[in-house]
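[1] predicted structure and sequence below. I'll ask about it afterward.
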2 protein chains.
Amino acid sequence: MPLLIDGKATAAQIKSEIAQEVATLVAEGRKRPHLAAVLVGNDGGSETYVKNKVLACEACGFESTLIRFEDTVSETELLAKIDELNRDENIDGFIVQLPLPRHIDTDKVIEAIDHRKDVDGFHPINVGRLAIGLPCFISATPLGILTLLRRYGIETAGKHCVVVGRSNIVGKPMVQLMLQKEHGNATVTCIHSYTQDVAAECRKADILIAAIGRPGYITADMVKPGATVIDVGTTRVPDNSRPSGFRLSGDVDFNTVAPIAGAITPVPGGVGPMTICMLMLNTLAAGKKTYYR
Amino acid sequence: MPLLIDGKATAAQIKSEIAQEVATLVAEGRKRPHLAAVLVGNDGGSETYVKNKVLACEACGFESTLIRFEDTVSETELLAKIDELNRDENIDGFIVQLPLPRHIDTDKVIEAIDHRKDVDGFHPINVGRLAIGLPCFISATPLGILTLLRRYGIETAGKHCVVVGRSNIVGKPMVQLMLQKEHGNATVTCIHSYTQDVAAECRKADILIAAIGRPGYITADMVKPGATVIDVGTTRVPDNSRPSGFRLSGDVDFNTVAPIAGAITPVPGGVGPMTICMLMLNTLAAGKKTYYR
């Protein structure tokens, strides 16, 4: 069986490292990092993510503030709140939980966030700085994946990394991050809905990263024996045997892929906890003004 | 023999289209687009590029201004000029010709340019907006290559595009552009100095784009028969038979690759003229305020 990459344990370890650093900061008389999260509406997934972010803040010794709006909130009202958060010196970083209701222009909202407080790393300035190789807030999921590979001693330099999916928050920044000399330094292929022979492309991967949101899409015939397989998918699949009525399903058909993979992340307990953990790391960096004054 | 992709003719055609549009603008009482170019020092290549940019402005009916500094100019002085150009309402777009002397921080200079006048598309905001899929100034060489493919009817959607090189001004934005649903929509692989089997990766390409600056690096054994081969290289190679004492050499070994390629760009007369032409297109867009108000 392959090496099981335990994102939950790694995230817990990193959070305890962050908490230690925060304790030191506070002992030196500096303020605790403070993350604000803006949640619009009552989507079940978003509620869970935001709740877990608040809990992670507690674990790290951060202050956190949750700001809720009904899903009828106007774009103007939301933008006014963002402007307020941008100016609030007590807030080091903040996120607006996506997705937003259809009547709100998501790009406009992201661009309204001061890039120096954009701990999600979604603002064009942070996206662009990542591409150019300048210090910046890096999108949490790609950063979490690279961190997992690093902590498990999985070499990336010169390896062939195949990223399945080209979303703005995972696939595309993952490509950038794996490509950078200062980061992954890997040969990178990005495949997507238009790719002609998906299985053949995937089989070339030393490191296969699946981020398309299609449960069980990656099957054993698409994986090179010994490859590292990273599963970003977290689709809610109905499951009456669970109290919640659903279970989380990854993009990888774990049961058939695990026996041939060299290393693999489970769902849940793989990439998911690392994403929230990297948001904490970005918030710490915002509090310390590591990237921007 | 393959289809020869004539960048010189295509660029001339596009410049005449731009000139027509400018004539219409002027007839409507609007101002001519105005490009300023800042040239530091006396590097031979940079002199030629800037001279050709000024000539292209004339061909398009633009106003142009050339601003020269000695290579001893201080960073402060250069930044002050950039600030002045940012504020000058008469200037629609401007470029600072690279490379800059070592004592000047290139990243700082690029970031100082108002992104709304950054017709080179090098500012992090334009780089980031390209990655996210928002309207922006796109780096001229990648845009020129995509335009050549379009004008020659070479399909990109779903094709495997291999980009050789990961520079900030060609390789990386080329990856982004070919990946975008709104643009290339191709499966994209980026290879570079750390890639293990370069020849094998190149042979997978339906469209092979070489941008590494190593004369004759791409040889016939690295090209799939029938592939489209795009040569971005323009290295000055000493040649005593020329009055200038040098000739331009591409990254592709044209004589051996051309017989097996489906289509190929020559050097000179391929990508080079398109780069300057796309700078003109970006300047027109700046004058018309197509992307930014």
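    It's in.
[2] C-alpha only now, for contacts and for neighbours.
    Will do.
[3] what's the distance between residue A:79 and residue A:86?
    Counting by Cα to Cα, to the nearest Å, the gap from residue A:79 to residue A:86 is 10 Å.
[4] these two - which one has more neighbours?
    Comparing residue A:79 with residue A:86 by neighbour count (other Cα atoms under 10 Å in any protein chain shown), the higher total belongs to residue A:86, at 21 against 17.
[5] and the most centrally placed residue in chain A, helix, strand or coil?
    For chain A, the residue lying nearest the average C-alpha position, counting by Cα atoms, centre = their mean, turns out to be residue A:141 (2.1 Å). For residue A:141, the secondary structure call by DSSP: H, G, I helix; E, B strand; the rest coil comes out as helix.
[6] so it is in contact with residue A:277, correct?
    No. Applying Cα atoms under 8 Å as the test, residue A:141 and residue A:277 come out as separate, 9.4 Å apart.
[7] residues in contact with residue A:200?
    Residue A:200 makes contacts with residue A:222, as judged by Cα atoms under 8 Å, 6 or more residues apart in numbering or on different chains.
[8] repeat for residue A:93
    Listed by Cα under 8 Å, 6+ apart, the contact set of residue A:93 reads A:34-36, A:116-119, A:283, A:286-287.
[9] the same query, at a cut-off of 6 Å, please.
    Residues near residue A:93 by Cα atoms under 6 Å, 6 or more residues apart in numbering or on different chains: A:35, A:117, A:119, A:283.
[10] run a quick neighbour tally on the closest residue to chain B within the stretch 151-293 of chain A.
    Using Cα to the nearest Cα, the single residue of the stretch 151-293 of chain A nearest to chain B is residue A:189, 4.1 Å away. Residue A:189: 27 surrounding residues under other Cα under 10 Å.
[11] tell me the SS of it?
    Of the three states, residue A:189 takes strand according to three-state DSSP.
[12] with residue A:150 instead?
    The three-state label given to residue A:150 by three-state DSSP is helix.
[13] the nearest residue to residue A:96 once chain neighbours are set aside and residue A:136, how far apart?
    Take residue A:96 and drop its neighbours on the chain: the residue closest to it by Cα to Cα, 6 or more residues apart in numbering or on different chains is residue A:38, 4.7 Å away. When distance is defined by Cα to Cα, residue A:38 is 22 Å away from residue A:136.
[14] more neighbours: which of the two?
    Residue environment comparison for residue A:38 versus residue A:136 gives the larger neighbour count to residue A:136, 23 against 19, counting by other Cα under 10 Å.
[15] need the contact list for that one.
    Residue A:136 neighbours (Cα under 6 Å, 6+ apart): A:126, A:291.
[16] residue of the stretch 1-150 of chain A closest to chain B, please.
    Ranking the residues of the stretch 1-150 of chain A by distance to chain B (Cα to the nearest Cα) places residue A:128 first, at 3.7 Å.
[17] residues of chain A that sit close to chain B?
    The interface of chain A toward chain B, taken as Cα under 6 Å from any Cα of the partner chain, is made up of A:124-125, A:127-129, A:132, A:158, A:168, A:187-191, A:194-196.
[18] compute the first-to-last residue distance for stretch A:214-221.
    Start to finish, the residues bounding stretch A:214-221 are 17 Å apart (Cα to Cα).
[19] show me the contact partners of it.
    Contacts of stretch A:214-221 with the rest of the structure, by Cα under 6 Å, 6+ apart, involve A:249-253, A:256-257.
[20] now, of these, which are buried?
    A:249-253, A:257 (16 or more other Cα atoms under 10 Å in any protein chain shown).
[21] now render those as TSV, adding pLDDT.
    As requested, those are arranged in TSV below (pLDDT from 0 to 100):
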residue	pLDDT
A:249	94
A:250	97
A:251	98
A:252	98
A:253	98
A:257	98
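[22] and the helix or strand that contains residue A:274, what does it pack against?
    Residue A:274 belongs to helix A:271-288 when assigned by DSSP states H and E. Using 3 or more Cα pairs under 6 Å, 6 or more residues apart in numbering or on different chains; DSSP states H and E as the contact definition, the elements that helix A:271-288 packs against are helix A:7-27, helix A:140-151.
[23] please work out the average pLDDT along the longest one.
    This points to helix A:7-27. Per-residue pLDDT values over helix A:7-27 give a mean of 98.
[24] so where do the helices sit in the stretch 1-150 of chain A?
    Counting by DSSP state H, counting those that start in this stretch, residue ranges of the helices within the stretch 1-150 of chain A are A:7-27, A:44-60, A:75-87, A:106-112, A:124-132, A:140-151.
[25] looking at these, spot the one closest to residue A:240.
    When the helices of the stretch 1-150 of chain A are ranked by distance to residue A:240, counting by Cα to Cα, first place goes to helix A:44-60 at 16.9 Å.
[26] please name every helix or strand in contact with that closest one.
    Looks like helix A:44-60 contacts helix A:7-27 (3+ Cα pairs under 6 Å, 6+ apart).
[27] show me how far the helix it packs on is from its chain's centre.
    Taking the mean C-alpha point of helix A:7-27 and that of its whole chain, the gap between them comes to 18 Å (Cα atoms, centre = their mean, to the nearest Å).
[28] just the CA coordinates for that helix, please, in CSV.
    Taking C-alpha atoms only, helix A:7-27 is exported to CSV below (Å, rounded to 0.1, in the frame of the first residue of the first chain):
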residue,chain,number,x,y,z
GLY,A,7,-3.2,16.3,5.9
LYS,A,8,-5.1,16.4,9.2
ALA,A,9,-2.0,15.5,11.2
THR,A,10,0.3,17.9,9.2
ALA,A,11,-2.2,20.7,9.6
ALA,A,12,-2.4,20.1,13.3
GLN,A,13,1.3,20.2,13.6
ILE,A,14,1.6,23.5,11.6
LYS,A,15,-1.2,25.1,13.6
SER,A,16,0.6,24.2,16.8
GLU,A,17,3.8,25.8,15.3
ILE,A,18,1.7,28.9,14.5
ALA,A,19,0.3,29.0,18.0
GLN,A,20,3.8,28.9,19.5
GLU,A,21,4.8,31.8,17.3
VAL,A,22,1.7,33.8,18.2
ALA,A,23,2.5,33.2,21.9
THR,A,24,5.9,34.6,21.3
LEU,A,25,4.5,37.6,19.5
VAL,A,26,2.1,38.3,22.3
ALA,A,27,4.8,37.9,24.9
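[29] what angle sits between it and helix A:140-151?
    In this structure, helix A:7-27 runs at an angle of 100 degrees to helix A:140-151, with axes from the mean of the first three to the mean of the last three Cα atoms, to 10 degrees as the basis.
[30] show me what helix A:7-27 is packed against.
    Contact here means 3+ Cα pairs under 6 Å, 6+ apart; on that basis helix A:7-27 packs against helix A:44-60, helix A:271-288.
[31] now those as a markdown table including distance to residue A:3?
    Formatted as a markdown table, those follow (distance: least, Cα to Cα, whole Å):
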| stretch | distance to residue A:3 |
| --- | --- |
| helix A:44-60 | 26 |
| helix A:271-288 | 15 |
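[32] domain assignment for chain A?
    In the domain annotation for chain A, the residue ranges read A:34-117, A:140-271 (automatic domain parsing).
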